[in-house]
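Colleague: Have a look at this fold, sequence not included:
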């Protein structure tokens, strides 16, 4: 990770649910010298384990199941809390020995901590690249079932691409998401608490990190329609992924930083690079004057 000895931002707000029991964004942000790391959930998740359990308890299906696709930390939470604890020892052993394909090191590490022994693809970066990896890894002469655990709201890039390559994928919903109704109110309260801090004077007060368009509509509208707030509090916006970046640009917000990959180190290195460039420009301006 980049050195941050000159980092002038002390506060960072992640517009996401905090992953339990460990959130790597919090750990690495604090390592990165952010002394105030806050999480602002925008959506609620409800586990839906029943269909997955029916399949995993079906002896014939489980015996043929060879591959699992898990691309969301919410699915891993559902597995940990609502699925794995209810399986028999034999069913659990079979599940944890499957080849599991995932996107992003955070989700990959979460799966490993959950007991999965054969996690693959977590360095691919996005669903499109993961699909190519799966097609190559499984091959055209594959045998056995491919099961994909998904959220009720998702893009179906992986299934479409695998199906186009002749790989039959069964999708099962493991969680439902719904937007919380007080996102903007809580966001404003968070900004007020940051603005009240004395150390914000003359500094880049706060980074706001947007992970997904879902639940962020009112916050994006507020930031777009109140540019004086961004200037007064020196708010800078970062986002995860090209889809979220496109959404923000289309709605009048141009993020200062777009993380190249969906990982804490990628995000924080990009922010550090932006901060260092800003500091260098300020020094050059000072020298010129």
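Modeller: Received, thanks. Small disclaimer: the values here were computed from a predicted structure and weren't measured.
Colleague: Can you point out the buried residues in the helix or strand hosting residue 192?
Modeller: For residue 192, the host element (DSSP states H and E) is helix 183-195. For helix 183-195, a neighbour-count test (16 or more other C-beta atoms under 10 Å) marks 183-184, 187, 190-191, 194 as buried. Glycine gets a C-beta too; all of them are placed from N, C-alpha and C.
Colleague: shaky segments in this protein?
Modeller: 1-9, 155, 198-204, 288-289 (pLDDT under 70).
Colleague: ok, back up a step: the following helix or strand past the helix holding residue 192 - contacts with which helices or strands?
Modeller: Next in sequence after helix 183-195, counting helices and strands by DSSP H and E, comes strand 204-210. Packing partners of strand 204-210 (3 or more C-beta pairs under 8 Å, 6 or more residues apart in numbering; DSSP states H and E): strand 9-15, helix 183-195, helix 217-225, strand 235-240, helix 264-288.
Colleague: Quick one: closest of those to residue 100.
Modeller: Comparing the helices and strands packed on strand 204-210 against residue 100 with C-beta to C-beta, the closest turns out to be helix 264-288 (21.0 Å).
Colleague: Okay, buried residues for the closest one please.
Modeller: Of the residues in helix 264-288, 264-272, 274-276 count as buried by neighbour count, 16+ other C-beta under 10 Å.
Colleague: next one: stretch 106-123
Modeller: Within stretch 106-123, the residues scored as buried using 16+ other C-beta under 10 Å are 106-111, 114, 116, 119-122.
Colleague: Pick out the most distant pair among those residues.
Modeller: The most widely separated members of the buried residues of stretch 106-123, counting by C-beta to C-beta, are 114 and 121 (16.2 Å).
Colleague: Looking at the buried residues of helix 264-288, spot the one nearest residue 96.
Modeller: For the buried residues of helix 264-288, the minimum distance to residue 96 (C-beta to C-beta) is 25.5 Å, reached by residue 264.
Colleague: I'd guessed the closest one sits against residue 31; true?
Modeller: No - counting by C-beta atoms under 8 Å, residue 264 stays clear of residue 31, with 9.2 Å between them.
Colleague: Which parts of the chain are helices?
Modeller: Taking DSSP state H, the helices of the chain run over residues 24-31, 50-56, 59-64, 73-78, 89-96, 105-113, 127-138, 157-164, 183-195, 217-225, 227-233, 242-250, 264-288.
Colleague: which stretch among the ones you listed comes nearest residue 171?
Modeller: Distance to residue 171, taken as C-beta to C-beta, is lowest for helix 157-164 among the helices of the chain, at 6.0 Å.
Colleague: longest strand in the protein, by residue count?
Modeller: In the chain, with assignment by DSSP state E, the single longest strand is strand 169-179.
Colleague: Which positions within that one qualify as buried?
Modeller: Neighbour-count burial for strand 169-179, counted by 16+ other C-beta under 10 Å, picks out 169, 171-175, 177.
Colleague: can you pull up the bridge partners for residue 12?
Modeller: Under DSSP bridges, the beta-bridge partners of residue 12 are residue 37, residue 207.
Colleague: what residues does stretch 141-160 touch?
Modeller: The contact list for stretch 141-160 (C-beta atoms under 8 Å, 6 or more residues apart in numbering) reads 48, 52, 55, 61, 64-72, 74-75, 78-79, 127-128, 130-131, 134, 138, 162, 167-177, 214, 243.
Colleague: Let me fix that, I meant to ask about stretch 79-89.
Modeller: 47, 49, 52-53, 56-57, 70, 92, 95, 114-115, 149, 174.
Colleague: redo that, cut-off 10 Å
Modeller: Under the contact criterion C-beta atoms under 10 Å, 6 or more residues apart in numbering, stretch 79-89 has outside partners 20-21, 47-50, 52-53, 56-57, 62, 68, 70, 75-76, 78, 91-96, 110-111, 113-116, 149, 174-175.
Colleague: Report the buried residues of it.
Modeller: For stretch 79-89, the neighbour count (16+ other C-beta under 10 Å) marks 79-80, 82-84, 87 as buried.
Colleague: and which of these is nearest to residue 206?
Modeller: Among the buried residues of stretch 79-89, and counting by C-beta to C-beta, the member closest to residue 206 is residue 80, at 32.1 Å.
Colleague: Quick check: residue 257 vs residue 266, distance?
Modeller: Residue 257 sits 10 Å away from residue 266, going by C-beta to C-beta, to the nearest Å.
Colleague: burial of residue 235, as a residue count?
Modeller: Neighbourhood size, residue 235 [other C-beta atoms under 10 Å]: 22.
Colleague: give the contact list for the residue lying closest to it once chain neighbours are set aside.
Modeller: Computed as C-beta to C-beta, 6 or more residues apart in numbering, the closest residue to residue 235 that is not its neighbour in sequence is residue 206, at 5.3 Å. Residue 206 sits next to 9-13, 34, 36, 38, 190-191, 194-195, 197, 200, 230, 233-237 when contact means C-beta under 10 Å, 6+ apart.
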